[in-house]
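Student: Next one to model:
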Amino acid sequence: MRSDFVSLVYVKNKKNQTTYVYESTAYWDKEKQQSRNTRVCIGKLENNVFVPNKQYKMQQELEQLKGTKPKMVSSSDFIRKFYGATYLLDKIGKRYGIIDDLTRCFPDSYKQILGLAYFLVLEDNNPMSRFPKWAATHVHPDEKTKQSSDLLQTITEKAIQQFFMLQIARRDEQEYLSFDISSVSSYEEILNQLKSTMNNEQEVMTQINIIILCGQKSNMPVCYRKLSNTIADISPLKKMLKDLSGLITGKVKFILDRDFYSTENVNALYTNHYKFLMGTRISLPFIQQHLDPARATLKKQARKRSSYGFGKSSVMSEWPHERVKKRNGEVIRTDKRMYVHLYYNEQKAIEDKTSFDKRLDLLEEELYANKRLPSHEEQYEKYFTIRQTPGRRTTLTLKQEALDLKQKDFGYFCLISNDIKDPIEALDIYRSRALIEKSFDNLKERLNLRSASEASERNLEGKLFLQFVAHMFVAAIDKTMKENDLYRTYSMTNLLDTLDVIEQFQTPGKSPHMGKIPEEQRALYAQFGFSIPT
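Tutor: Reported below is the predicted structural model:
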């Protein structure tokens with residue numbers, strides 16, 4: 001019998017929950033022509049420290065008497081790291097193709113990107129400068145643990161766009177993409193793409209505007225765009241579609257809130273053959289012509305206390321589409337099919353009335369105190385008749401006709417689409433837009449992107465991408481927690497902390513051994529559809 005090598009094996013006794021340490025000796029069996037091994041128990045683990053048994057101690061003492069160097073196993077030989085939460089992120093990364101796509105686009109640095117993304121998810125609101133300390137206590141993809149600033153310089157725009165295209169290709173062609181615009185503030189004034197602004201504390205800051213796109217079914221973010229303009233300058237949808245044209249391929253559908261509504265934007269969507277679902281202002285003449293005949297029916301439906309809790313109606317209409325020929329500037333006018341979905345909700349009517357009354361009270365206070373705001377001048381004139389008495393006192397009279405015109409639309413709302421016929425389906429899909437708001441909340445708050453403080457444009461681009469990759473993991477966790485009602489018991493931070501206590505033990509050069517995995521953690525992995533780490 002020839003000894004090949006000796007390794008340590010850890011076995012947990014299910015009855016007394018004690019982890020015993022065995023010395024496993026592998027050898028080649030000449031008769032059976034196969035590798036075999038023998039195990040001898042040499043002690044146990046107590047508080048993650050090796051405690052040798054009497055037999056092993058005697059063996060070491062005997063070897064000392066013989067003048068040979070004993071092979072005592074020191075507690076320092078054991079590497080103990082947390083693995084439970086990063087294991088969950090490994091499995092999510094494989095499920096959604098994040099790891100595969102990063103490997104294709106960043107073959108030399110994908111492990112570093114994943115390591116930092118894991119850190120951003122598990123250590124929310126901690127700066128990346130603390131990554132090396134976290135990395136020393138956790139199992140994660142980035143074993144080299146280089147400086148994050150070195151990595152940021154290697155994240156190129158070309159590779160980022162390739163990653164986005166791969167992720168978009170993974171989304172179902174029938175899936176709507178919801179997108180919106182938000183801003184990220186930065187105290188760095190040297191970045192040439194940033195626009196000066198003021199924050200709530202009146203500090204001079206700079207601002208980056210970003211668009212982020214999310215899949216309506218998967219709830220997964222698929223790409224983002226950093227914009228150099230102010231939000232007011234980029235409202236025409238046509239400009240954004242042009243900016244995103246390099247990323248979007250195949251059939252794409254959009255969900256847009258009513259802030260994006262304009263004749264120009266709707267025409268742009270029809271011209272580019274995009275399917276869309278969009279909110280609109282109820283006061284638009286185009287909507288009013290369909291709403292007026294349906295008001296009584298909608299209110300009657302709402303009073304029936306149906307399972308939906310609101311009245312609903314749909315009308316197939318025609319949109320007067322205009323397209324300008326590039327060659328000669330000729331305007332081509334054609335009618336396009338459009339579905340107008342109308343809704344009425346009594347609770348919304350009460351909320352609209354309450355909100356409007358508060359608004360009138362505020363306007364009235366400003367007028368009586370002679371503290372008129374330029375931005376409110378139009379509303380002063382619309383709702384009040386203002387007179388000055390000889391004693392320089394202000395008298396106000398409400399314009400009843402204007403009030404009645406405003407109040408008749410309380411409780412109504414509208415969606416338009418060139419794709420969805422059913423009003424319930426349209427409303428369900430539109431409500432999924434809430435995920436985009438959650439996306440920005442996660443991106444800014446949980447992932448510490450409230451202020452982007454990188455000192456160079458390349459570093460800023462790299463940090464935005466790292467935060468986006470981290471956000472993909474957060475979105476996947478959020479989706480599963482909502483589907484399985486886990487928010488009743490856990491916050492996201494609490495759930496990740498619960499998994500993070502699972503440890504992995506390893507002796508250098510030997511195979512790793514998992515610590516105890518309690519039933520609670522086993523159940524959580526099952527909720528995500530993953531097996532326990534082994």
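Student: For residue 344, what are phi and psi?
Tutor: Backbone torsions of residue 344, given as degrees, to the nearest 10, read phi -140, psi 130.
Student: thought it was touching residue 304?
Tutor: No - judged on Cβ atoms under 8 Å, residue 344 makes no contact with residue 304 at a distance of 11.7 Å. No exception for glycine: its C-beta is placed from N, CA and C like everyone else's.
Student: Between the two, which is the more surrounded one?
Tutor: The neighbour comparison of residue 344 against residue 304 (other Cβ atoms under 10 Å) goes to residue 344, with 25 against 9.
Student: Just give me the neighbour total for the closest residue to the more buried one other than its chain neighbours.
Tutor: Of all residues not flanking residue 344 in the chain, residue 298 sits nearest, at 3.8 Å (Cβ to Cβ, 6 or more residues apart in numbering). Residue 298 sits with 20 neighbouring residues when counted by other Cβ under 10 Å.
Student: Ok, residue 431 next?
Tutor: Per other Cβ under 10 Å, the neighbour tally for residue 431 reads 10.
Student: so how far is residue 480 from it?
Tutor: With the distance defined as Cβ to Cβ, to the nearest Å, residue 431 ends up 19 Å from residue 480.
Student: repeat for residue 402
Tutor: Distance, residue 402 to residue 480, by Cβ to Cβ: 50 Å.
Student: So, low pLDDT: which residues of the stretch 401-534 of the chain?
Tutor: Within the stretch 401-534 of the chain, the segments meeting pLDDT under 70 span 432-458, 507-510.
Student: Could I get the full set of helices for it?
Tutor: Ranges of helices within the stretch 401-534 of the chain are 423-431, 434-441, 457-483, 492-500, 519-527, based on DSSP state H, counting those that start in this stretch.
Student: possible to save those as TSV with distance to residue 320?
Tutor: Listed next are those as TSV, based on distance: least, Cβ to Cβ, whole Å:
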stretch	distance to residue 320
helix 423-431	22
helix 434-441	30
helix 457-483	39
helix 492-500	47
helix 519-527	51
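Student: nearest to residue 30, of the ones you listed?
Tutor: Taking Cβ to Cβ, helix 519-527 is the member of those nearest to residue 30, at 42.9 Å.
Student: Now do that closest one: everything it contacts.
Tutor: For helix 519-527, contacts defined as Cβ atoms under 8 Å, 6 or more residues apart in numbering pick out 84, 88, 480, 484, 486, 495, 498, 499, 501, 502, 531, 532.
Student: now, the most widely separated pair of those?
Tutor: Farthest pair in those (Cβ to Cβ) is 484 and 501. Separation: 20.5 Å.
Student: Over to stretch 480-499 now: how far is its first residue from its last?
Tutor: The first residue of stretch 480-499 is 15 Å away from its last residue (Cα to Cα, to the nearest Å).
Student: tell me how far that stretch is from the chain's mean position?
Tutor: Offset of stretch 480-499 from its chain centre (Cα atoms, centre = their mean, to the nearest Å): 15 Å.
Student: tell me, how many neighbours does residue 260 end up with?
Tutor: The local packing of residue 260 (other Cβ under 10 Å) involves 22 other residues.
Student: From residue 211, how far off is it?
Tutor: Distance of residue 260 to residue 211, given as Cβ to Cβ: 11 Å.
Student: Repeat that for residue 418.
Tutor: Note on residue 418: its distance to residue 211, by Cβ to Cβ, is 22 Å.
Student: which of the helices of the stretch 401-534 of the chain sits most buried?
Tutor: Each of the helices of the stretch 401-534 of the chain was scored by mean neighbour count; the highest is helix 457-483, a mean of 21, by mean count of other Cβ atoms under 10 Å.
Student: gap between that one and the chain center?
Tutor: 6 Å.
Student: can you check stretch 10-19 too?
Tutor: On the basis of Cα atoms, centre = their mean, stretch 10-19 sits 40 Å off its chain's mean C-alpha point.
Student: got it, and stretch 275-288?
Tutor: 28 Å.
Student: which residues sit against it?
Tutor: 176, 251-258, 260-261, 266, 269, 291, 340, 342, 409, 412-420, 426, 429-430.
Student: what distance separates the start and the end of that stretch?
Tutor: By Cα to Cα, the extent of stretch 275-288 from end to end equals 23 Å.
Student: Give the buried residues for stretch 358-372.
Tutor: Going by neighbour count (16 or more other Cβ atoms under 10 Å), the buried part of stretch 358-372 is 363, 364, 367.
Student: Next: stretch 45-58.
Tutor: For stretch 45-58, burial by neighbour count (16+ other Cβ under 10 Å) applies to 45, 50, 52, 56.
Student: Just the CA trace of that stretch, in CSV.
Tutor: Provided in CSV are the C-alpha atoms of stretch 45-58 (Å, rounded to 0.1, in the frame of the first residue of the first chain):
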residue,chain,number,x,y,z
LEU,A,45,-14.2,21.4,16.5
GLU,A,46,-15.2,23.6,19.5
ASN,A,47,-16.1,27.1,18.6
ASN,A,48,-14.3,26.6,15.2
VAL,A,49,-11.1,25.6,17.0
PHE,A,50,-9.5,22.2,16.6
VAL,A,51,-9.3,20.1,19.8
PRO,A,52,-7.2,16.9,19.4
ASN,A,53,-8.4,13.7,21.0
LYS,A,54,-6.2,11.7,23.5
GLN,A,55,-5.1,9.1,20.9
TYR,A,56,-3.9,11.9,18.5
LYS,A,57,-2.1,13.7,21.3
MET,A,58,-0.3,10.5,22.3
